[in-house]
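J.: fold the following for me, if possible:
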Amino acid sequence: MKWVWWGAAALLAIVLAVAGIAAVRTATFKPAGAPAAVELAAAPAFDVNAAAGRLSEAIRIQTISRTENVVEDPAAFAALHALLERSYPRTHAAMRREIVAGHSLLYTLPGSDASLPPILLMAHQDVVPVEAGTEGDWEAPPFSGEIKDGFVYGRGAADDKGSLISILEAMEALLARGFTPKRTVMFAFGHDEEVLGAGAKATADLIRERNIRPWFVLDEGMAVIEDHPLTGGPVALIGIAEKGYMTVRVTARAAGGHSSMPGADTAAERLARAILALRSHPFPGSLDDGPAPLMLEALAPKLPLMTRAAIANRWAFGGVLTSRMAALPSGNALLRTTIAPTMIDGGAKENVLPQEMHAIVNLRLHPRDSVESALAHLRGSVAGIEGVTIEPSGTPNNPSPVSSTTSDSYALIASAAAAHAPESAPVAPMLVLGATDSRHYVPIAENVYRYAPVWFREEDTRRVHGTGERMSVENIGRMVGFYAQVIETGSR
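T.: The predicted model follows:
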């Protein structure tokens, strides 16, 4: 009996010790590598309403991208270039402008110290089309650029002419007050980000050929989420990596014939089993790598005590955190490579058994995975299904490396983000779930970040690429001030 009591006492001591360690770690927890604040240059004076008017003009020029390697309307891009030159005379007088790959733009303002690596800001000129039949669902016509109730409406307002115009507004305002950089400043505005990014790749290749390695690249990608699902309040999210992109074609083959005499195993059934097999064998997901753990650490001070305790003690509660995050589609996408069947086709007639059926499956690759490892995982998932093959469709892209959150460039961007975010909003690193032109600059830059200080509610994000795309005049003001401070502070 004595040994039972001694065992219970020992177990209690262990439990109390573990609880004590967890309590201390929770009380003393601080995000790893939180950047020091950077003293920012004062934002220049500018006319935000005039900037909104110029964004309106840019939206009216329909620089639409639909198909890889096809520029649908070259005249539209020429018209946009002419508008930019006309609207920003100081910028075009001071910066060297080059046209790359037919329609992409590269601007350079040499600094006084050529030994310093340049900073490079990005945006893109092209927009996605408007879905036919939805035009009447917009608050204003989708290519009108109408300014209504404090918003500029139109395709491209948020993605990504708002950033493009704001970057040029910032430079024009800086030059108006005599800005002369010590560090070279570059702008790169691709023309086909929405379909392939060939213009961005060509521009990055040109910069590499000139042996230029930017200090950092800043592109679109993340923003301020005013009602973040974890904190319930505003959070400024800076993209430090982006997922890779791969689409595969799943083919199922079987004997054909008349539908009145189906065999025991048809192509349609094999394809259905293959899709279910892919979905029932998800990629591993964890909080051991990638941007997700860094994001949670940065958000921890704003989270409930029990969640904060779990983050501070991932050694004990990592599995619980992972399962809780994985229960939400948005959280699950941060943890792993996702698998999404999107299209199915096959068959020629309702009474003919097809010999082949096909499915298109889209993957967004987590930074721990690669195109090769993802293909191996998918093929392993269907290895037991006869007649099924999986091959890449289109040009896949590997995920980007994770950029530093302890660099001077991250500290600069984080400080500028905090200056234009709601008061006391945390600034946190984030994994960008989509793809941007910046992926082409990863091989040539020290670090690549993806952020604009646009305040969005979760419901507003559905407008991007969707019905009612818009940009508030207030957000234009934030972007111009943000870009101006990043440019001037980063180039001195």
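J.: I figured residue 197 was touching residue 190, is that so?
T.: Yes. Counting by Cβ atoms under 8 Å, residue 197 does reach residue 190; the two are 6.2 Å apart. (Glycine included, C-beta is placed from N, CA and C.)
J.: quick one: strands adjacent to the one helix or strand residue 186 maps to?
T.: Using DSSP states H and E, residue 186 falls within strand 185-190. Applying DSSP bridges, strand 185-190 is found paired with strand 104-109 (antiparallel), strand 119-124 (parallel).
J.: what's the overlap in contacts for residue 197 and residue 190?
T.: Listed contacts common to residue 197 and residue 190 are residue 437; contacts here mean Cβ atoms under 8 Å, 6 or more residues apart in numbering.
J.: more neighbours: which of the two?
T.: residue 190 (34 against 25; other Cβ atoms under 10 Å).
J.: what's across from the more buried one in the sheet?
T.: Bridge pairing for residue 190 - DSSP bridges - gives residue 124.
J.: kindly report the same for residue 358.
T.: Applying DSSP bridges, one finds that residue 358 bridges with residue 251, residue 345.
J.: residue 347 versus that one, what's the distance?
T.: From residue 358 across to residue 347, the span is 10 Å (Cβ to Cβ, to the nearest Å).
J.: next one: residue 458
T.: Distance from residue 458 to residue 347, by Cβ to Cβ: 40 Å.
J.: neighbour count for those two, which is higher?
T.: Taking other Cβ under 10 Å, residue 458 and residue 347 do not tie; residue 347 has more neighbours (16 against 12).
J.: can you tell me which residues contact that one?
T.: Applying Cβ under 8 Å, 6+ apart, we find residue 347 in contact with 268, 354, 357.
J.: tell me the SS of residue 431?
T.: Here residue 431 is strand, with the state taken from DSSP: H, G, I helix; E, B strand; the rest coil.
J.: I'd say it and residue 334 touch.
T.: Yes. Residue 431 is within contact range of residue 334, at 5.5 Å (criterion: Cβ under 8 Å).
J.: now do the buried residues in stretch 366-384.
T.: Buried positions in stretch 366-384, judged by neighbour count with 16 or more other Cβ atoms under 10 Å: 366, 367, 368, 369, 370, 371, 374, 375, 377, 378, 381, 382.
J.: please apply the same query to stretch 75-84.
T.: Those would be 76, 77, 79, 80, 81, 83, 84, for stretch 75-84 by 16+ other Cβ under 10 Å.
J.: where does the first one sit, in terms of helix or strand?
T.: Translated: residue 76. Here residue 76 is assigned to helix 74-87, by DSSP H and E.
J.: for that helix, packing partners?
T.: helix 48-60 (3 or more Cβ pairs under 8 Å, 6 or more residues apart in numbering; DSSP states H and E).
J.: and with 6 Å instead?
T.: Helices and strands touching helix 74-87, by 3 or more Cβ pairs under 6 Å, 6 or more residues apart in numbering; DSSP states H and E: there are none.
J.: can you list contacts of the very next helix or strand once past it?
T.: Using DSSP H and E, the helix or strand that follows helix 74-87 in sequence is helix 89-94. Applying Cβ atoms under 6 Å, 6 or more residues apart in numbering, the set of residues contacting helix 89-94 from outside is 85, 109, 168, 171, 172, 175.
J.: now do stretch 406-421
T.: Contacts of stretch 406-421 (Cβ under 6 Å, 6+ apart): 33, 35-38, 215-216, 224, 236, 404, 427, 447, 449, 453, 478, 482, 485-486, 490.
J.: in helices, which of those residues appear?
T.: Counting by DSSP state H, the contacts of stretch 406-421 place 478, 482, 485, 486, 490 in helices.
J.: please identify which of the buried residues of stretch 366-384 is nearest to residue 206.
T.: residue 371 (25.5 Å; Cβ to Cβ).
J.: how about the nearest residue to that closest one once chain neighbours are set aside, secondary structure?
T.: Spatial nearest neighbour of residue 371, excluding adjacent residues (Cβ to Cβ, 6 or more residues apart in numbering): residue 396 at 4.6 Å. Using three-state DSSP, the structure places residue 396 in strand.
J.: and residue 37, how far is that from residue 142?
T.: Residue 37 sits 41 Å away from residue 142, going by Cβ to Cβ.
J.: neighbour count winner among these two?
T.: residue 142 (25 against 11).
J.: you'd agree the more buried one is in a helix?
T.: No. Counting by three-state DSSP, residue 142 is not part of a helix but coil.
J.: that one contacts residue 131, correct?
T.: No. Counting by Cβ atoms under 6 Å, residue 142 sits too far from residue 131 to count as a contact (9.6 Å).
J.: how about the helices in the stretch 351-492 of the chain?
T.: Using DSSP state H, counting those that start in this stretch, the helices of the stretch 351-492 of the chain run over residues 371-381, 408-419, 473-490.
J.: the ones you listed into CSV, with extra columns for distance to residue 343 and mean pLDDT?
T.: Formatted as CSV, the helices of the stretch 351-492 of the chain follow (distance: least, Cβ to Cβ, whole Å; pLDDT from 0 to 100):
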stretch, distance to residue 343, mean pLDDT
helix 371-381, 16, 98
helix 408-419, 38, 97
helix 473-490, 35, 98
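J.: point out the most buried one among those.
T.: helix 473-490 (a mean of 24; mean count of other Cβ atoms under 10 Å).
J.: got the helices of the stretch 351-492 of the chain as CSV, with distance to residue 462 columns?
T.: CSV is the format used below for the helices of the stretch 351-492 of the chain (distance: least, Cβ to Cβ, whole Å):
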stretch, distance to residue 462
helix 371-381, 28
helix 408-419, 23
helix 473-490, 16
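J.: nearest to residue 250, of those helices?
T.: helix 371-381 (8.3 Å).
J.: for that closest one, name the packing helices and strands.
T.: Here helix 371-381 touches strand 388-397, going by 3+ Cβ pairs under 6 Å, 6+ apart.
J.: from the chain's centroid, how far away is the strand it packs on?
T.: Mean-position distance between strand 388-397 and its chain equals 22 Å (Cα atoms, centre = their mean, to the nearest Å).
J.: also stretch 137-145?
T.: Computed by Cα atoms, centre = their mean, the chain-centroid distance of stretch 137-145 equals 25 Å.
J.: when you give positions from now on, start the count at 364
T.: Sure, I'll start counting at 364 from here, so that last one is stretch 500-508.
J.: straight-line length of that stretch, end to end?
T.: 15 Å (Cα to Cα, to the nearest Å).
J.: and the protein, what are its domains?
T.: 411-603+764-853, 606-760 (automatic domain parsing).
J.: tell me the mean pLDDT for the helix or strand harbouring residue 672?
T.: Assigned by DSSP H and E, residue 672 belongs to helix 668-675. Mean pLDDT, computed over helix 668-675, is 83.
J.: next one: stretch 567-575
T.: Stretch 567-575 comes out at a mean pLDDT of 98.
J.: buried stuff in that stretch?
T.: 567, 569, 570, 575.
J.: before we move on, what about stretch 590-608?
T.: In stretch 590-608, counting by 16+ other Cβ under 10 Å, buried: 591, 593-594, 597-608.
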